[in-house]
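Student: next come a sequence and a model predicted from it.
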Amino acid sequence: MAVDSDEQLMNALANGSEEALRELYRRHAATMLRMLRRLASDRSVAEEIMQEAWLAVWQAAGSFRGDSSVRGWLLGVARRQAHNRLRRLSPPTTELSEALAVADPTVDIEAQALVKADLMALAEAVAALPGHLREVVILAVVDELPYRDVAAVLGVPVGTVKSRMAHARVRLAAAVGTGDA
């Protein structure tokens, strides 16, 4: 396909291009599934929601206005699908410890153990955050979304994302005992 940017792919998708849908899926499905796995806690449920989300993307592609990145818009669609499906289920679990557990082979074993303990404490602190703060932290830190895209995914203003992130930093610093937000 000669179309390269996500925005061009969205335009092609809005005009019914299955090839554009395949390319967007190739680019963004892994991130979408990672987010859905955190929300659903069960891989098979997350995969079912992902199928529903891509169907919704196919149907709603024409409504993309470009207020956020395509990635942010896609994750917002997926998040809405997940919340519609999971309203009555238990709260989501966070797999932040897995996302943060990247070992550095150049560090000695004792240092690795200390880093892992710090990461586990941080993961526990993130898991203990209220849901609205936890979502912002995970989307911004784990999924590495810019605040504008986090706002699009959550359906809130960018200022709200910044405020929630500031509150989360304060709570996390207090929880892990650094005192440094």
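Tutor: Thanks, I have it.
Student: so what's Val153 scoring on pLDDT?
Tutor: Note for Val153: predicted pLDDT of 87.
Student: shouldn't it be in contact with Leu145?
Tutor: Yes. Taking contacts as CB atoms under 8 Å, Val153 lies within contact range of Leu145: 6.9 Å. (C-beta placed from N, C-alpha, C; glycine too.)
Student: what sits against the closest residue to Val137 other than its chain neighbours?
Tutor: Closest residue to Val137 apart from its sequence neighbours, by CB to CB, 6 or more residues apart in numbering: Ala168 at 4.9 Å. Applying CB atoms under 8 Å, 6 or more residues apart in numbering, we find Ala168 in contact with Leu129, Leu133, Arg134, Val136, Val137.
Student: do Asp6 as well
Tutor: By CB under 8 Å, 6+ apart, the residues touching Asp6 are Leu24, Arg27, Ser69, Val70, Arg71.
Student: pick the one among those residues closest to Gln59.
Tutor: Nearest to Gln59 among the contacts of Asp6: Leu24, at 13.8 Å, using CB to CB.
Student: ok, so of the contacts of Ala168, who is nearest Lys162?
Tutor: Using CB to CB, those come closest to Lys162 at Val136, 9.1 Å.
Student: tell me the pLDDT of the residue nearest to Val137.
Tutor: We have a pLDDT of 89 for Ala168.
Student: just the element for it, please.
Tutor: Following DSSP states H and E, one finds Ala168 within helix 158-176.
Student: buried sites along that helix?
Tutor: By neighbour count with 16 or more other CB atoms under 10 Å, helix 158-176 contains the buried residues Thr160, Val161, Arg164, Met165, His167, Ala168, Arg171, Leu172, Val176.
Student: in CSV, list these along with distance to Val141.
Tutor: Shown next, in CSV, are these (distance: CB to CB, whole Å):
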residue, distance to Val141
Thr160, 17
Val161, 12
Arg164, 12
Met165, 9
His167, 14
Ala168, 9
Arg171, 14
Leu172, 10
Val176, 14
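Student: ok, those vs Gln81, which is closest?
Tutor: Set against Gln81, the nearest of those by CB to CB is Val161 (20.9 Å).
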